[in-house]
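A.B. asks: any chance you could fold what I've pasted below:
(2 chains)
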Amino acid sequence: MKIKSFYYIILISIFSVSAYSQNVKLLNINQLNERIKNGKDSTYVVNFWATWCAPCIKELPHFEKLKEEHKSDKLAVLLVSLDFKSKLESNVIPFVKRKNLKNEVFLLNESSPQEFIDRIDPSWSGSIPATLFIKNDKRKFVETEFTYEQLLTEYKKL
Amino acid sequence: MKKIILLLALAFSAFLSQAQTTTLKAGDTAPDFKLKNVDNKEVSFGTFKDAKGYIVVFTCNTCPYAIGYEQRIIDLDKKFRPQGYPVIAINPNDPEASTADTFSKMQDLAKSKKYPFPYLFDPGQKITDEYGAKRTPHIFIVSKTSKGNIVEYVGAIDNDPEGNKADKVKYAEDVIASLKSGQKPAITQTKEIGCTVKRKAKA
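C.D. replies: Model (predicted):
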């Protein structure tokens, strides 16, 4: 009996650790701005994507690779999903788990596109994939799908 | 000689495809069309003889935003067709690029959801490009005037894609309310959020 409950504790703790590492937090624009302002990194690459957006899914590995290959840089890659909030548990978390995404993943907690689109960048039409690059005071917004080389070029240009 | 003509034709079609990228705006003429409905009959603006205008919605079977707005599009037609503003839905997706958007799958969906409005197939995405529809759903509200069919509003249906806000701003309804009272709408353009229109991969 004791061994069995011990086994359960192990199981639960393994599960909760892995659940923690695959956590997807809700995040509104204010929180995103604060995350960038108060973060320890100097460069932020914020990619807007969704589980239903095929070109987004295609380019996600490039963002993983960018971070992986620049571990020593003060770089944070934030993956912000525009999936509906109601899809967090059913689609987004399982997707992040399945793809084993290592970057921080958020789900945008905003409901009025007319407002949040312009607050990210007034030039944004609202289509995804789209990526915001921030380095110190510099901001660059790009509304396009990247190859790894293109992403790397944008990153190095900052 | 034949080769030169072919090259010219190619260059011209390349020029055309470049020219297609702009989206119509309020004040532009809304191009008429003749497209096959899910009931196999052709539909154009003229199909609705007593209309005062039209709610043209580019939408599809597959996009989560289109699915999220589906009931609201049905409701728009139920509310405004009797008032002279019928919904005309056009699927802008290429059926090869988006295999769940074929004509027969459009027929299945329209039947199962009992669409009260026409749901039209746009071969070669010709009308999609004439309007410059970029996303699903993407709405164009058109009024019938003495100068022809004029675009009055382009963009989103409301400001609540997920559909759970009690106090949503209903852009489309507000536009039609203005038009009915003989006024120009206060807002003529919003950013439409949705899925990108699906196209064949460029060769």
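A.B. asks: B:A133 falls within a helix, correct?
C.D. replies: No. Under DSSP: H, G, I helix; E, B strand; the rest coil, B:A133 sits outside any helix and is assigned coil.
A.B. asks: how about the residue nearest to it when sequence neighbours are not counted, phi and psi?
C.D. replies: Once flanking residues are discounted, B:A133 sits nearest to B:F58: 3.9 Å by Cβ to Cβ, 6 or more residues apart in numbering or on different chains. Any C-beta I mention is one placed from the backbone N, CA and C, and that applies to glycine too. Torsion angles at B:F58 (phi, psi; degrees, to the nearest 10) stand at phi -90, psi 110.
A.B. asks: in chain B, which residue sits nearest chain A?
C.D. replies: Among the residues of chain B, B:I193 lies closest to chain A, at 4.1 Å counting by Cβ to the nearest Cβ.
A.B. asks: what's the pLDDT at that residue?
C.D. replies: pLDDT for B:I193: 88.
A.B. asks: same thing with B:A166?
C.D. replies: So, for B:A166, pLDDT stands at 88.
A.B. asks: just give me the neighbour total for the residue nearest to B:A133.
C.D. replies: By the criterion of other Cβ atoms under 10 Å in any protein chain shown, B:F58 has 27 neighbours.
A.B. asks: quick one, what contacts it?
C.D. replies: Applying Cβ atoms under 8 Å, 6 or more residues apart in numbering or on different chains, we find B:F58 in contact with B:89-92, B:128, B:131, B:133, B:135-140, B:197.
A.B. asks: how about JSON lines for the residues you listed, with distance to B:V154, secondary structure and neighbour count added?
C.D. replies: Below are the contacts of B:F58 laid out as JSON lines (distance: Cβ to Cβ, whole Å; DSSP: H, G, I helix; E, B strand; the rest coil; neighbours: other Cβ atoms under 10 Å in any protein chain shown):
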{"residue": "B:A89", "distance to B:V154": "16", "secondary structure": "strand", "neighbour count": "28"}
{"residue": "B:I90", "distance to B:V154": "14", "secondary structure": "strand", "neighbour count": "25"}
{"residue": "B:N91", "distance to B:V154": "18", "secondary structure": "strand", "neighbour count": "31"}
{"residue": "B:P92", "distance to B:V154": "14", "secondary structure": "coil", "neighbour count": "26"}
{"residue": "B:T128", "distance to B:V154": "14", "secondary structure": "helix", "neighbour count": "22"}
{"residue": "B:Y131", "distance to B:V154": "9", "secondary structure": "helix", "neighbour count": "26"}
{"residue": "B:A133", "distance to B:V154": "9", "secondary structure": "coil", "neighbour count": "26"}
{"residue": "B:R135", "distance to B:V154": "11", "secondary structure": "strand", "neighbour count": "26"}
{"residue": "B:T136", "distance to B:V154": "14", "secondary structure": "strand", "neighbour count": "30"}
{"residue": "B:P137", "distance to B:V154": "12", "secondary structure": "coil", "neighbour count": "28"}
{"residue": "B:H138", "distance to B:V154": "8", "secondary structure": "strand", "neighbour count": "27"}
{"residue": "B:I139", "distance to B:V154": "7", "secondary structure": "strand", "neighbour count": "28"}
{"residue": "B:F140", "distance to B:V154": "5", "secondary structure": "strand", "neighbour count": "25"}
{"residue": "B:V197", "distance to B:V154": "15", "secondary structure": "coil", "neighbour count": "24"}
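A.B. asks: right, and the helix or strand after the helix or strand bottoming out on mean pLDDT in chain A?
C.D. replies: Across the helices and strands of chain A, mean pLDDT, DSSP states H and E gives its lowest value to helix A:2-21, namely a mean of 52. Counting by DSSP states H and E, the element after helix A:2-21 in chain order, helix or strand, is strand A:24-27.
A.B. asks: could you list the paired strands of that following strand along with their orientation?
C.D. replies: strand A:104-108 (parallel) (DSSP bridges).
A.B. asks: pull out the buried positions in the partner strand.
C.D. replies: A:E104, A:V105, A:F106, A:L107, A:L108 (16 or more other Cβ atoms under 10 Å in any protein chain shown).
A.B. asks: what's the local residue count around the residue nearest to the third one when sequence neighbours are not counted?
C.D. replies: Going back to what we said before, that points to A:F106. Spatial nearest neighbour of A:F106, excluding adjacent residues (Cβ to Cβ, 6+ apart): A:L27 at 4.0 Å. By other Cβ under 10 Å, 20 other residues sit near A:L27.
A.B. asks: low-confidence bits of chain A, can you list those?
C.D. replies: Applying pLDDT under 70 to chain A picks out residues A:1-22.
A.B. asks: for chain A, what spans make up the helices?
C.D. replies: A:2-21, A:29-38, A:54-69, A:93-99, A:113-120, A:148-157 (DSSP state H).
A.B. asks: so which bits of chain A are right by chain B?
C.D. replies: With Cβ under 8 Å from any Cβ of the partner chain as the criterion, chain A meets chain B at residues A:50, A:52-53, A:55, A:83-87, A:111-115, A:117-118, A:124-127.
A.B. asks: before I go, just wanted to say thanks for your time.
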